[in-house]
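Undergrad: Sharing a sequence plus its predicted fold:
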Amino acid sequence: MSYLGFDIGGANIKVSALQADDLFRLRSIKLHYPLWVRGIENLPNAIRHAINLLGDDKHDGVAVTMTAELSDVFKDKREGVNEVIKAIRSVVRDFKVITVKGQLIDPKDAVERYLDVAAANWWAVGWFASILEENCIVVDVGSTTTTITPVVNGKPSPQGLNDVEKMIVGEIVYVGSLRTPLSSVGALIPLNGAWCRVSSEYFANIGDVNRLLNHISEDEYDVETPDRRGKSIEDCHNRLSRTVCGDGKMLTLLQTKLIARFLYERAVEMIFNGLIQVLSRLASEGNLPSVAFAAGLGDFMALDAIKRAGIEGIVLRDIIGRDNSIALTSASLATYLAHSLGVDVKRWISSLK
């Protein structure tokens with residue numbers, strides 16, 4: 001038996017397959033697909049390509065979640081949900097769409113209930129984590145955003161049910177490990193013993209920072225660079241030099257690495273601020289967790305933020321593998337779908353600890 005989970009984002013497509021026979025096997029892939037560049041008309045081919053990469057063309061159930069409806073290629077979320085579902089329908093005949101309450105509903109109902117399925121990506125993640133720890137919090141740092149999902153008494157327990165609410169209460173922090181513009185991380189950076197202003201041009205991003213600090217490899221820097229040049233240390237040094245309106249010959253590598261260190265700490269602080277806001281709400285309700293899971297491509301950033309909050313951090317890739325942690329939403333969704341169809345996955349998940 002095989003179950004597929006799709007996570008259609010604005011910048012990435014993630015697909016996971018759970019094989020549940022005598023043994024359980026969970027596999028995931030991530031495909032960079034900037035919707036605003038490649039268009040909604042090419043999304044079906046990209047989905048087919050992702051399935052082929054995963055090598056799983058026979059399945060017993062498919063479930064979908066999405067955040068792509070936020071893309072400004074759509075006039076509003078209703079159009080976004082409708083267009084994404086149309087794209088998936090052209091590839092997969094039967095599938096379900098998850099809601100913010102954990103319901104798996106038919107595609108036609110999902111279009112009518114578009115606000116219930118828009119950005120419901122966190123629900124299955126919270127459900128998966130609840131099997132590992134009854135009371136915990138998940139900090140998932142992707143390429144663009146950080147999603148913070150609390151779990152209380154074995155249930156996902158967010159305060160926000162849509163992007164706007166989550167942005168207010170700290171459950172979404174708009175900083176990631178690759179695409180975040182540096183001017184959104186810091187307005188001033190230390191240079192030559194002074195504080196230098198940061199250009200708001202998109203000269204460099206947090207992916208350049210993480211490459212300079214050797215937090216990620218060239219392969220892991222899997223989005224287009226701001227100047228469409230390479231991803232070597234020298235390329236990243238050149239881009240970071242431009243954030244102060246210089247170039248790679250005006251600044252040394254020692255200087256840009258120090259700038260990278262400063263901006264990295266600022267980015268972690270942004271995640272920490274969201275995390276501590278969520279924890280403060282849980283503490284006021286008497287539900288402060290002692291364990292947090294660090295997940296996503298930027299799990300190292302998540303772990304540093306968790307350590308600042310003074311709670312135990314567990315790196316999820318050590319439990320479910322790197323690819324499944326990066327594609328945590330689709331991996332959790334494939335597993336949740338199998339569970340909803342009567343497969344005993346809880347015993348298997350519990351055994352992973």
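TA: Thanks, I have the structure now. Numbers count the residues shown, from 1 in each chain.
Undergrad: Spatially central residue in the protein, please.
TA: Nearest to the mean C-alpha position of the chain, counting by C-alpha atoms, centre = their mean, stands Gly142 at 3.2 Å.
Undergrad: can you pull the contacts of that residue?
TA: If you count contacts by C-beta atoms under 8 Å, 6 or more residues apart in numbering, Gly142 has them with 9, 12, 176-177, 296-298. For glycine as for every other residue, the C-beta is placed from the backbone atoms N, C-alpha and C.
Undergrad: Next one: it from Val223, what distance?
TA: Per C-beta to C-beta, to the nearest Å, Gly142 is found 11 Å from Val223.
Undergrad: element containing the closest residue to Ile311 other than its chain neighbours?
TA: Excluding the flanking residues, the one nearest Ile311 by C-beta to C-beta, 6 or more residues apart in numbering is Ala292, at 5.3 Å. Assigned by DSSP states H and E, Ala292 belongs to strand 291-295.
Undergrad: Please apply the same query to Pro190.
TA: Per DSSP H and E: strand 188-191 holds Pro190.
Undergrad: Could you point out the helix or strand that follows that strand?
TA: Next along the chain from strand 188-191, counting by DSSP H and E, comes strand 194-197.
Undergrad: Dump that next one to CSV, keeping only the CA atoms.
TA: Provided in CSV are the C-alpha atoms of strand 194-197 (Å, rounded to 0.1, in the frame of the first residue of the first chain):
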residue,chain,number,x,y,z
ALA,A,194,30.9,51.6,12.7
TRP,A,195,27.3,50.8,11.8
CYS,A,196,26.6,50.8,8.1
ARG,A,197,23.1,51.0,6.5
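Undergrad: Against which helices or strands is whichever helix or strand comes after it packed?
TA: Later in the chain than strand 194-197, the nearest helix or strand by DSSP H and E is helix 206-212. The contact analysis (3 or more C-beta pairs under 8 Å, 6 or more residues apart in numbering; DSSP states H and E) places helix 206-212 against helix 233-242, helix 253-284.
Undergrad: now the last one: how far from the chain's centre is it?
TA: The chain centre lies 17 Å from the centre of helix 253-284; the measure is C-alpha atoms, centre = their mean, to the nearest Å.
Undergrad: For it, list every residue counted as buried.
TA: By neighbour count on 16 or more other C-beta atoms under 10 Å, the buried set for helix 253-284 is 255-260, 262-264, 266-272, 274-275, 277-279, 281-282.
Undergrad: For it, name the packing helices and strands.
TA: Against helix 253-284 (3+ C-beta pairs under 8 Å, 6+ apart) you get strand 136-141, strand 146-152, helix 163-169, strand 172-173, strand 188-191, helix 206-212, helix 233-242, helix 299-308.
Undergrad: which residues are contacting the third one?
TA: What that stands for is helix 163-169. Under C-beta under 8 Å, 6+ apart, the answer for helix 163-169 is 70, 118-119, 147, 158-160, 171-172, 174, 277-278, 281.
Undergrad: Might you calculate how far it sits from the centre of the chain?
TA: 16 Å.
Undergrad: avg pLDDT for it?
TA: Mean per-residue pLDDT for helix 163-169: 97.
Undergrad: what do you get for the second one?
TA: Per-residue confidence for strand 146-152 averages out to 98 on the pLDDT scale.
Undergrad: helices and strands around that strand, which ones?
TA: helix 122-132, strand 136-141, strand 172-173, helix 253-284.
Undergrad: Fine by me, thanks again.
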